[in-house]
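Trainee: Give me a 3D structure for the following:
(chains A, B and C)
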Amino acid sequence: MNLMQIHNLTVQFGGLRAVNGLSLEVRKGELLCLLGPNGAGKSTTLDLICGKTRATSGQIVFDGQDITGLKEYKRARCGIGRKFQVPSVFKDLTVLENIELARSPRPGILDALRVFRTPIRGRVREVLQIVGLIDLVDLRAGNLSHGQTQWLEIAMLLAQDSKLILMDEPTAGMTIQETLQTAAIFNALKGDHTIIVVEHDMQFVRQVAERVIVMNQGSLLAEGSIAEIEADPRVKAVYLGH
Amino acid sequence: MNRNNTSDYLGHLVFVLAILLGVPAALGFDGFELNTFARYLSLAIVAAALALSWGTAGILNLGQAATFGIGAYVMAMHLKLVASAGNPDGLPDFMGWNNVTSLPWFWQPFQSLGATLALGLALPALMAWAMGIFMFRARITGVFVAIITLAFLVALQLWFIEEQRFTGGQNGLTGLAPLDLFGWQVDTYSLGFYYLVAGCLIAALALGTLILRSKVGLVLRAIREDSQRVRYFGYDVAGYETFVFSTSAAIAGWAGMLYALVLEFASPTYIGVAFSLAIVIWVAVGGRESLVGAAVGAILVNLAEGRLSDLFVESWLLILGVGFILFVLFLPRGLYGLLRQGFDRLARLRMRAAGRDVKPQESAR
Amino acid sequence: METIINQIFAGASLASILLMVALGLAIIYGAMGVINLAHGEFVMLGAYVTWALQSFLGMGLLAALPIVFVTIAAIGWGVERSIVQRLYRRPLDTILATWGIGIVLQQLVRMGIGPESRFIAGPGILSGNTSFGNVVLSNYRIFVLVFAIGVFVATWALLAKTEFGRKLRAVIQNREISECYGIRAEKVYALTFAYGAGLAGLAGALISPLVNTTPSMGTYLVVDAFLVVVVGGVGSIFGTAVASGIVGETTAFFSMLLNDTVGRIGVLVAIIFFIRFRPQGLLPQIVRR
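Mentor: Residues are numbered from 1 along each chain as shown, chains lettered A, B, ... in the order given. Below you'll find the model as predicted:
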């Protein structure tokens, strides 16, 4: 069953078509990897899905609803979460406050006015334990190490409990050990959550990906399992042709 | 949501006690002195209103005086009508001088005290709400908010002066009647009036603090840091900004109503650039992160002005200017920030003294 | 027909004054992201220096111009070194600090020279009017217009054609990397601030025969000039020039159609809408990170 369908999506910046007639489907509960050389339009595709960039033409249908024209916050309420390439947590807030902010089942003002504290239990506790930040809840996020910051952002996405999670290079800057741990988390998440990952680290992709899509020059080039992709001559041409 | 801040609660308690007991006692329950202090307290309310939007959400509203001034005019219009009850048609004197023959429709509601009190809060809030939607939907932030609010303030003041027939122009509204608050003849030189203003200040601070301690406060602080990121968690950033902007305006209007009561007139200088920036100065001195801090800043600066400008008539503004520059340069978090730092250091010392090892993560601070 | 030409000239005259005041502000804002609310006070000081040179040394306005420029530039340099340079990372705080500087400068003049309005004579050779048919134009206003254009061209050349301009543009684009190439960014900033202040001083000297010279004359000038800068687009002095022209002419037009106050309100409201829909300004060029 499909969670999201993208039809003929195009976005134009000046003369450049960063994404050009892209069509793809995302199945519920799968982990999809987006690969492609620099400038292939992978990050832009994520931007288009989460609403950071508006499409010039084409359509995005998420969970049966056309979201192409929705604002970012409305898409987030539909169940789309995003992790950015540069870790973006709120440095002035504590670890717990970051999680509380992300955990937003009712993000309206009137609801928020009635919430005074989120106790550390249930999902919040679980998420903090998964990423190993449970002892640091009162620390300002600005004082975390780089790896911990990445973890915190992943924890925020988990707390947000989105149906679809978009990850832009989640392992950038992580040590091998941390990358392995991240892969373990992702494998545990598959099934309950649908995840799209943009990643360069092939080691990581082999560990987590069920299905891979390769993009080139804004369009879909190849699609299949990791083994199929690695054997595909067109993909080789794109990567080695430069 | 700053929990676990015992020092904050302690500070609030000290402030409330000082306002309710300390000040009246120190002033010997003298009516004249209390009236002057009530003026400072009403200015403290508008300072807290600015801190609500500036300190938390980072919305620097250079036009805060606009909402304050509207509150003041609303109250003055009511009192003017009461004072003009004996005139033919109940028409205020200045309207007669400007050949206005009947009371215009937008003056009519102010015959009633209830409507006046409601409009004194609602008009500024509505105005801010419209401006908020206008600005925040377009994702106008930072310096541009400051410019738009400043330009709006200048335009509003010019308009109030221009429409002399209806607003009293440059003179403002003078010759007001004393307020009859549901049967209580308010004597602005009495202890009762002082407690009315003090009660309003404490209520406004409590309301603001409640908002900031709720999740709304958390979302606003996050917006100040990275508004774009907040949107991806499903929060309607423009909605939150408009909410805090309007709430701040309503509180400022409330302060304006009290201010017009204390001074017994309303003047276009209340809607002036100089006054608006003065509010910013008080907040910066007290500390923009804390509503109580901002209120204390307003009281201290005005107290100093009241005391020092008698001694140094000429150089008071000079002292204020230099002092303000020094605050911006060396104490950007204001007096509140200074206290906060002191408390944090104290807490850390106490922890160390209790023999607890400082955790490795904390040494990173 | 004559009314229209007179009207256009009145607008151009207003625009030239706005341009003189706004140009310095635009350079400072564009280069450093500093909103200098003390700029109006630099203008005011320029007028007072002219007044002092005229009444104590008998110096004419034209002869005073270079001295005014250097004096106010020196004051600007001092302000930058002592206060503004500490706030480059806190743009909203520069609004506050420069407002404080403005209060101080204003009050110093009020205490030192007095709050009353001072008279400054225009240059003798530029008194009188020139008439074209039925259209009568003041010589001095024509001079101000031409002078403002001259200053604008000189400023453009300074930024586009000189070594200093190249360094400034480099620092605007990337301060750290520029410093790696041996450009001393703080010196460039200080000189730019001084230059902007000097221009404000010149503006003050030029407008002193046309307006009331009082300690508080700068307050409203700075608001207007700042709006012009924002409408023009951050960092674009061409934008500033175009915006001065538009705002000057519009103000004159509204004033003729309605009255002065309503005209000003109309322009302010128009500017608010403009900023809302085009915060990047008319001609955005240099983008500060």
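Trainee: Enumerate every residue touching the residue nearest the centre of chain A.
Mentor: Within chain A, the residue whose C-alpha comes closest to the C-alpha centroid is A:Leu166; the distance, by CA atoms, centre = their mean, is 1.6 Å. When contacts are counted by CB atoms under 8 Å, 6 or more residues apart in numbering or on different chains, A:Leu166 touches A:46, A:49-50, A:80-83, A:195-196. For the C-beta atoms, the positions are set from N, CA and C on the backbone; glycine is no exception.
Trainee: Give me the subset of the residues you listed that lies in helices.
Mentor: For the contacts of A:Leu166, the ones inside helices are A:46, A:49-50, with DSSP state H as the criterion.
Trainee: lowest average confidence, helix or strand, in chain A?
Mentor: Counting by mean pLDDT, DSSP states H and E, chain A has its least confident helix or strand at helix A:233-241, which shows a mean of 76.
Trainee: Mind giving me the packing neighbours of it?
Mentor: The helices and strands touching helix A:233-241, judged by 3 or more CB pairs under 8 Å, 6 or more residues apart in numbering or on different chains; DSSP states H and E, are strand A:211-216, strand A:219-224.
Trainee: CA-only coordinates of the first one in PDB, if you can.
Mentor: Once non-C-alpha atoms are left out, strand A:211-216 reads as follows in PDB (Å, rounded to 0.1, in the frame of the first residue of the first chain):
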ATOM      1  CA  ARG A 211      14.600  -0.100  -1.800                       C
ATOM      2  CA  VAL A 212      16.900   2.400  -3.500                       C
ATOM      3  CA  ILE A 213      16.100   5.200  -5.900                       C
ATOM      4  CA  VAL A 214      18.900   6.800  -7.800                       C
ATOM      5  CA  MET A 215      18.300  10.300  -9.100                       C
ATOM      6  CA  ASN A 216      20.300  12.200 -11.700                       C
END
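Trainee: any idea of the mean pLDDT for that strand?
Mentor: When pLDDT is averaged over strand A:211-216, the result is 89.
Trainee: Secondary structure class of residue 85, three-state.
Mentor: Because you didn't say which chain, this covers chain A. Local secondary structure at A:Gln85 is given as coil here, using DSSP: H, G, I helix; E, B strand; the rest coil.
Trainee: Wait, chain B was what I had in mind.
Mentor: For B:Ala85, the secondary structure call by three-state DSSP comes out as coil.
Trainee: Ok, C:Val234 next?
Mentor: Assigned with three-state DSSP, C:Val234 falls in the coil class.
Trainee: where does chain A dip in pLDDT?
Mentor: Across chain A, the ranges flagged by pLDDT under 70 are A:240-242.
Trainee: How many residues are close by residue 210?
Mentor: Assuming you mean chain A. If you count neighbours by other CB atoms under 10 Å in any protein chain shown, A:Glu210 ends up with 14.
Trainee: look at chain B instead
Mentor: 13.
Trainee: Would you agree the residue nearest to the centre of chain A falls within a helix?
Mentor: No - the assignment for A:Leu166 is strand, going by three-state DSSP, so no helix is present there.
Trainee: returning to what we had before: export the contacts of A:Leu166 to a markdown table and append columns for neighbour count.
Mentor: As requested, the contacts of A:Leu166 are exported to a markdown table (neighbours: other CB atoms under 10 Å in any protein chain shown):
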| residue | neighbour count |
| --- | --- |
| A:Leu46 | 23 |
| A:Ile49 | 23 |
| A:Cys50 | 22 |
| A:Ile80 | 29 |
| A:Gly81 | 25 |
| A:Arg82 | 28 |
| A:Lys83 | 22 |
| A:Ile195 | 25 |
| A:Ile196 | 24 |
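Trainee: For the stretch 151-289 of chain C, what lies in contact range of chain B?
Mentor: Remark: the part of the stretch 151-289 of chain C in contact with chain B comprises C:219-220, C:223, C:226-227, C:230, C:261-262, C:264-265, C:268-269, C:271-272, C:275-277, C:279, using CB under 8 Å from any CB of the partner chain.
Trainee: Mind doing that once more with 10 Å?
Mentor: Within the stretch 151-289 of chain C, the positions lying close to chain B (CB under 10 Å from any CB of the partner chain) are C:216, C:219-220, C:222-224, C:226-227, C:229-231, C:234, C:258-273, C:275-279.
Trainee: Show me what the helix or strand hosting C:Thr94 is packed up against.
Mentor: C:Thr94 belongs to helix C:91-112 when elements are defined using DSSP states H and E. Contacts of helix C:91-112 with other secondary structure elements, assessed using 3 or more CB pairs under 10 Å, 6 or more residues apart in numbering or on different chains; DSSP states H and E, are made with helix B:142-162, helix B:273-286, helix B:316-330, helix C:2-32, helix C:39-57, helix C:61-82, helix C:218-232.
Trainee: The second one: which residues count as buried?
Mentor: Which is helix B:273-286. Across helix B:273-286, burial judged by 16 or more other CB atoms under 10 Å in any protein chain shown covers B:273, B:275-286.
Trainee: and that helix with helix B:142-162, angle?
Mentor: Orientation of helix B:273-286 against helix B:142-162 (axes from the mean of the first three to the mean of the last three CA atoms, to 10 degrees) gives an angle of 140 degrees.
Trainee: how close does the spatially closest residue to C:Asn212 that is not a sequence neighbour get to chain A?
Mentor: Spatial nearest neighbour of C:Asn212, chain neighbours left out: C:Ser117 (4.6 Å); criterion: CB to CB, 6 or more residues apart in numbering or on different chains. For C:Ser117, the distance to chain A (CB to the nearest CB, to the nearest Å) stands at 49 Å.
Trainee: Count the neighbours of C:Ser117 for me.
Mentor: Taking other CB under 10 Å as the definition, C:Ser117 ends up with a neighbour count of 11.
Trainee: same question, C:Phe273
Mentor: Applying other CB under 10 Å, we find 12 other residues in the vicinity of C:Phe273.
Trainee: does it sit in a helix or strand, and which one?
Mentor: Secondary-structure assignment from DSSP H and E places C:Phe273 in helix C:260-277.
Trainee: so what secondary structure elements neighbour that helix?
Mentor: Here helix C:260-277 touches helix B:113-136, helix B:142-162, helix C:218-232, helix C:237-257, going by 3+ CB pairs under 10 Å, 6+ apart.
Trainee: The longest one and chain C, any residue contact?
Mentor: So the one you mean is helix B:113-136. Yes - where contact is defined by CB under 10 Å from any CB, part of helix B:113-136 touches chain C, namely B:131, B:134-135.
Trainee: Out of those, the closest to A:Thr182 would be?
Mentor: Proximity of those to A:Thr182, judged by CB to CB, is greatest for B:Met135, which lies at 40.4 Å.
Trainee: need the contact list for the residue in chain A sticking out farthest from the centre.
Mentor: Distance to the chain centre peaks in chain A at A:Arg114, reaching 30.2 Å (criterion: CA atoms, centre = their mean). If a contact means CB atoms under 10 Å, 6 or more residues apart in numbering or on different chains, then A:Arg114 has A:106, B:214-216 as its contacts.
Trainee: ok, 8 Å please
Mentor: By CB under 8 Å, 6+ apart, A:Arg114 lies in contact with B:Ser214.
Trainee: three-state assignment of it?
Mentor: Under the three-state scheme (three-state DSSP), A:Arg114 adopts coil.
Trainee: roughly how far apart are it and B:Ser246?
Mentor: The spacing between A:Arg114 and B:Ser246, counted by CB to CB, to the nearest Å, is 19 Å.
Trainee: Number of residues surrounding the nearest residue to C:Val223 once chain neighbours are set aside?
Mentor: Once flanking residues are discounted, C:Val223 sits nearest to B:Val154: 6.0 Å by CB to CB, 6+ apart. The local packing of B:Val154 (other CB under 10 Å) involves 23 other residues.
Trainee: I'd guessed B:Phe32 sits against B:Ser190; true?
Mentor: No - using CB atoms under 8 Å, B:Phe32 is not in contact with B:Ser190, being 10.7 Å away.
Trainee: Look at those two and report which has more neighbours.
Mentor: Shown here are B:Phe32 and B:Ser190; by other CB under 10 Å, B:Ser190 has more neighbours (16 against 9).
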